[in-house]
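Novice: Compute the structure for the input listed below.
(chains A and B)
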There are 2 protein chains.
Amino acid sequence: MNAFKEINSPLRTIMTPGPVEVDPRVLRAMSTPILGQFDPAFTQMMNETMEMLRQVFQTKNHWAFPIDGTSRAGIEAVLCSVLKPGDRVLIPIYGRFGYLLTEIAERNGAEIHIMECEWGEVFNQQEIINEMKKVKPKVLAVVHGETSTGCMQPLDEIGPACRELDVLCIVDAVATIGGTNVKVDEWELDAVIGGTQKCLSVPSGMAPITYNDRVEQVIAVRKKVEKGVATEQDRSEVQHPISSNYFDISQLQDYWGPRRLNHHTEATSMLYALREGVRIVLQEGLKERFERHRLHEKALVKGIKAMGLGIFNDVPWKLPMVTCINIPAGIDGESVRTMLLQQFGIEIASSFGPLHGKIWRIGTMGYSCRKENILFVLAALEAVLIRHGASIQMGEGLQAALNVYESANLAAV
Amino acid sequence: MNAFKEINSPLRTIMTPGPVEVDPRVLRAMSTPILGQFDPAFTQMMNETMEMLRQVFQTKNHWAFPIDGTSRAGIEAVLCSVLKPGDRVLIPIYGRFGYLLTEIAERNGAEIHIMECEWGEVFNQQEIINEMKKVKPKVLAVVHGETSTGCMQPLDEIGPACRELDVLCIVDAVATIGGTNVKVDEWELDAVIGGTQKCLSVPSGMAPITYNDRVEQVIAVRKKVEKGVATEQDRSEVQHPISSNYFDISQLQDYWGPRRLNHHTEATSMLYALREGVRIVLQEGLKERFERHRLHEKALVKGIKAMGLGIFNDVPWKLPMVTCINIPAGIDGESVRTMLLQQFGIEIASSFGPLHGKIWRIGTMGYSCRKENILFVLAALEAVLIRHGASIQMGEGLQAALNVYESANLAAV
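Specialist: A predicted model of the protein is given here:
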């Protein structure tokens, strides 16, 4: 009846913009025998994870916990808990994941206003602020790091402007959290969603979020506790209750708060993974971790350029952990990717929409972001491109990358 | 900055109705290094998991895959993909999780009709069929195994009646899948949601579902592919699109099907866990596994009765993997649970709503459902009850359970 063998998975070098290689310590943490969800030993781990998430988000917000689903589950939980049908949302779009925000908000019945710029560009912050003054939205929803284009939208002026204009600023920081600064409090961001499977190097399946009192107040008036666990203190009649039970943040607060009211059964092993993942981030240090991401990005970019290839996102607003390479004319991008995987066990990414077939994307995120991976991907890419008849500066890529690492070592002495 | 230590979790004997102890082979599978979501080695594992889920669900349905969230995420995905605002749903309620179905359906704007019976009872199938004839719902949503009351609703006549009356039969089999028969095809159930953290002995965080063509057709007309990955073959204007992006089963089909259209990033390590979990179920054999659950239930029930305690769900419709014990008069149920945890490291459950404080619930699910656990919980419960001044038939519980095991061994010779 059952011919399936145990898992025997090949070991890959994963250089995509996610999911990336998981830190071995996180993998090990997941094999810990589980605890019941209300076991005091487990609720203590929930609290510890909240505390560490606050530090990773650089916030004093009380609420910082994971949604039990992949990154877009976190985005949907925040948007559907905040947005009532008819609420106005402004969404600046500079890549695929901006469209995802419209998609989620629209399905919740929000009135969507978008701004678009060419893929590869970002917005001048003042443009967005001016548009907010015109549109007067309840919510501004914006992607911090667009992995589809390798660009990063500055937010430091947008957050304060939202505060001034009484707009809630909701930020998708799935790609950036743990890899570069996401200064939730300093930038005055109201709600931020992070991802696990990118710079945190935890498997996909959880989405850490944080939000402040401004967001909590909006959600509180929509709170409706489900029948079966509600008590007399819980109102039964609510205008515009949140349209999802699973993503109802007002109920999740009662689960993550001292009331410990049963909602879902917390995903135990994923919580272990997230706890260990953020612990490792803080152990390395945020500053040191962000510098490490910058260093390996620099080595990769120098190496790629030295090979004679062009960088699509060679711009001041480059996302540090995603490097997009222009596919040389006449080269079949998918054939190169396939050969990288089949001969070298290396995975890099293609892209979406207008950029599909035009760029490769190499991620340098979390545990994948380390010297031997950078050197291996440069060596392999050179060999595969030569094999595909591309004109390449042979041997130069690795030399350029090694130069970067040697200078960094000298600087550190 | 970071004072948190690595995970150092106590090892518990988990005898609740979920989450239960995870099979060590599943824990080990989770520590496998991950693969990219479109790596052929990974998509093959996705396909293998689908094939094994079909066998566990005893169905020939094409669609059988997990939702990346906890069990209620699976329920919400099915209900919100099927139900448009105004659609009529009939929900027979015989415990807490029936209310959860109303809760989820109601938030989706469905017109809810309920039937209720006392907690501890189930419905005569004909009653439900008669009510369907009166209400003429689009959907009947019903819980197969109610862990809150330890009861199991027979479904073998309801499924065929739904087919005849053109009602979609959606079943919450979270508690029963992998522990007792859930005959999806034979009972003519249209969509069924299973849970991982109960009889499959996989951690919480995924919800396997299956559904047939009747459900697929209803969902297909609501299909809307998100902008950013849609191509010309995808309609952009759809009446009543599914209100959730994350739970949109029509898009999940394109992710789990040959088109492999990017939606979320599959929760890699949880998929490894589920694949290993269902592999172990099939390796044991469904029939053998269900018999094992019955054997240990019998030993537990005999032991509890021999101690002189009463069984709340000592009824023909008892859920085989949940045994509810009447808390003796004058005994503080929570104090007993606390002492079991603190002195013996054993977790058993209390209950909800009208049964809170009246019963304890002991789960015998999956990997937790084994002889040494049954014997340990009986021994510990006796000791703790004596310590609480209860009048107990000393020593009888273990003898009765051992008798059951010895007879089973004789029968097997």
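Novice: so what's residue A:386 closest to, chain neighbours aside?
Specialist: Leaving aside its chain neighbours, residue A:386 sits nearest to residue A:392 (5.8 Å; criterion: C-beta to C-beta, 6 or more residues apart in numbering or on different chains). Using the backbone N, CA and C atoms, a C-beta is placed for each residue, glycine as well.
Novice: same question, residue A:248
Specialist: Nearest to residue A:248 is residue A:242, by C-beta to C-beta, 6+ apart, at 4.4 Å.
Novice: Report the mean confidence score over stretch A:291-300.
Specialist: Stretch A:291-300 carries an average pLDDT of 98.
Novice: Let me fix that, I meant to ask about stretch A:140-155.
Specialist: pLDDT averaged over stretch A:140-155 gives 98.
Novice: Can you point out the buried residues in it?
Specialist: A:140-153, A:155 (16 or more other C-beta atoms under 10 Å in any protein chain shown).
Novice: Looking at those residues, which one is closest to chain B?
Specialist: residue A:148 (7.7 Å; C-beta to the nearest C-beta).
Novice: unless I'm mixing things up, the closest one is touching residue A:93, no?
Specialist: No: using C-beta atoms under 8 Å, residue A:148 makes no contact with residue A:93, being 10.6 Å away.
Novice: Enumerate the positions of stretch A:195-213 that are buried.
Specialist: Neighbour-count burial for stretch A:195-213 flags A:195-212 (criterion: 16+ other C-beta under 10 Å).
Novice: Okay, and which of the residues you listed map to strands?
Specialist: Those of the buried residues of stretch A:195-213 mapping onto strands are A:207-211, per DSSP state E.
Novice: With respect to chain B, which of the residues you listed is nearest?
Specialist: residue A:207 (9.9 Å).
Novice: Helix or strand: which one has the nearest residue to that closest one once chain neighbours are set aside?
Specialist: Excluding the flanking residues, the one nearest residue A:207 by C-beta to C-beta, 6+ apart is residue A:74, at 2.6 Å. Element membership for residue A:74, per DSSP states H and E: helix A:71-82.
Novice: same check, this time on residue A:66
Specialist: Using DSSP H and E, residue A:66 falls in strand A:63-67.
Novice: List the neighbouring strands of that strand plus their orientation.
Specialist: strand A:207-211 (antiparallel) (DSSP bridges).
Novice: from the middle of its chain, how far away would the strand it pairs with be?
Specialist: 11 Å (C-alpha atoms, centre = their mean, to the nearest Å).
Novice: can I get the CA coordinates of that strand in PDB?
Specialist: What follows is strand A:207-211, C-alpha atoms only, in PDB (Å, rounded to 0.1, in the frame of the first residue of the first chain):
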ATOM      1  CA  ALA A 207       4.900  35.600  10.000                       C
ATOM      2  CA  PRO A 208       6.000  37.700  12.900                       C
ATOM      3  CA  ILE A 209       4.000  41.000  13.200                       C
ATOM      4  CA  THR A 210       4.200  44.000  15.500                       C
ATOM      5  CA  TYR A 211       1.800  46.900  15.900                       C
END
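Novice: tell me the average confidence for the helix or strand immediately after it in the chain?
Specialist: Counting by DSSP H and E, the next helix or strand C-terminal to strand A:207-211 is helix A:213-220. Helix A:213-220 shows an average pLDDT of 97 in the prediction.
Novice: In strands only, show me the buried residues of stretch A:140-155.
Specialist: Those of those lying in strands (DSSP E): A:140-143, A:145-146, A:151-152.
Novice: what would those residues look like in a markdown table with distance to chain B?
Specialist: Below are these laid out as a markdown table (distance: C-beta to the nearest C-beta, whole Å):
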| residue | distance to chain B |
| --- | --- |
| A:140 | 19 |
| A:141 | 13 |
| A:142 | 15 |
| A:143 | 11 |
| A:145 | 15 |
| A:146 | 11 |
| A:151 | 15 |
| A:152 | 18 |
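Novice: The residues you listed into a markdown table, with extra columns for distance to residue A:127?
Specialist: Formatted as a markdown table, those follow (distance: C-beta to C-beta, whole Å):
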| residue | distance to residue A:127 |
| --- | --- |
| A:140 | 12 |
| A:141 | 16 |
| A:142 | 12 |
| A:143 | 15 |
| A:145 | 19 |
| A:146 | 16 |
| A:151 | 15 |
| A:152 | 16 |
